[in-house]
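Student: the following block contains a protein sequence and its predicted model.
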Amino acid sequence: MKRWAAIGAALLMATACGSDSPTTPSNTGPITFTANLNAANEVPPITNAEANARGTVTITFNVPRDASGAVTGAGTVTFVAQLASFPAGTPAILAHIHTGAAGIAGPVLINTNLSAASPIVMDANGSGNLNISNIPISQTDATNIASNPAGYYFNVHTSLNPGGAVRGQLVKQ
């Protein structure tokens with residue numbers, strides 16, 4: 001009888017340590033990045049009426065991944081940003097992920113599709129929110145950004161600063 005109890009306990013322990021354990025994080029879910037946005041991070045730094053502008057962004061890649069966490073296909077991106085300290089009524093006209101390390105201006109890689117025709121306008125407190133989903137991302141871009149997030153930045157452009165008003169390097173969470 002003791003022998004069967006020991007076998008049962010061993011089986012119970014083996015099944016309890018499976019891959020669904022909440023103490024072991026999954027490598028197959030979405031990939032999340034954040035960035036602290038600041039006008040001083042732009043190249044060159046912003047010195048006009050938007051010099052105190054700032055914000056945060058959370059960027060989520062919804063891409064298929066294998067058990068090791070490697071991206072295995074294309075997917076979509078969700079952008080959620082909170083902007084603050086802009087002059088009231090400022091229109092945010094563009095927002096993108098760019099290729100480029102800190103201090104280097106680089107080309108647009110992933111566009112949010114925000115536009116001057118449909119801007120986000122800052123409220124009376126100089127704040128605004130961006131929430132854009134289902135932007136396509138290729139397997140190659142997702143893989144490259146996930147493997148070197150500091151080599152990419154997110155920025156928001158305004159009418160006053162069409163080259164970019166606030167910027168922040170991506171950090172993988």
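Tutor: That came through fine.

Student: when you work out contacts or count neighbours from here on, use the C-alpha atoms and nothing else.
Tutor: Noted.

Student: contacting residues for residue 53?
Tutor: 38, 39, 83, 84, 85, 86, 165, 166 (Cα atoms under 8 Å, 6 or more residues apart in numbering).

Student: contacting residues around residue 138?
Tutor: Taking Cα under 8 Å, 6+ apart as the test, what residue 138 contacts is 73, 74, 75.

Student: how confident was the prediction at the last one?
Tutor: Each residue has a pLDDT score; the one for residue 75 is 97.

Student: what about the closest residue to it other than its chain neighbours, how many residues nearby?
Tutor: Take residue 75 and drop its neighbours on the chain: the residue closest to it by Cα to Cα, 6 or more residues apart in numbering is residue 63, 4.4 Å away. Residues lying near residue 63 (other Cα atoms under 10 Å) number 23.

Student: pLDDT at residue 63, what is it?
Tutor: With respect to pLDDT, residue 63 has a value of 97.

Student: one more: residue 3?
Tutor: 45.

Student: same check on the one 5 residues further on?
Tutor: The model reports residue 8 with a pLDDT of 44.

Student: cool, and the one 4 residues further on?
Tutor: In this model, residue 12 is scored at 40, pLDDT.

Student: next one: residue 27
Tutor: pLDDT, residue 27: 73.

Student: tell me the helix or strand right after the helix or strand bottoming out on mean pLDDT in the chain.
Tutor: Each helix and strand of the chain was given a mean pLDDT (mean pLDDT, DSSP states H and E); the minimum falls on helix 2-16 at a mean of 43. Counting by DSSP states H and E, the element after helix 2-16 in chain order, helix or strand, is strand 31-38.

Student: tell me how far that following strand lies from the chain's centre.
Tutor: Offset of strand 31-38 from its chain centre (Cα atoms, centre = their mean, to the nearest Å): 5 Å.
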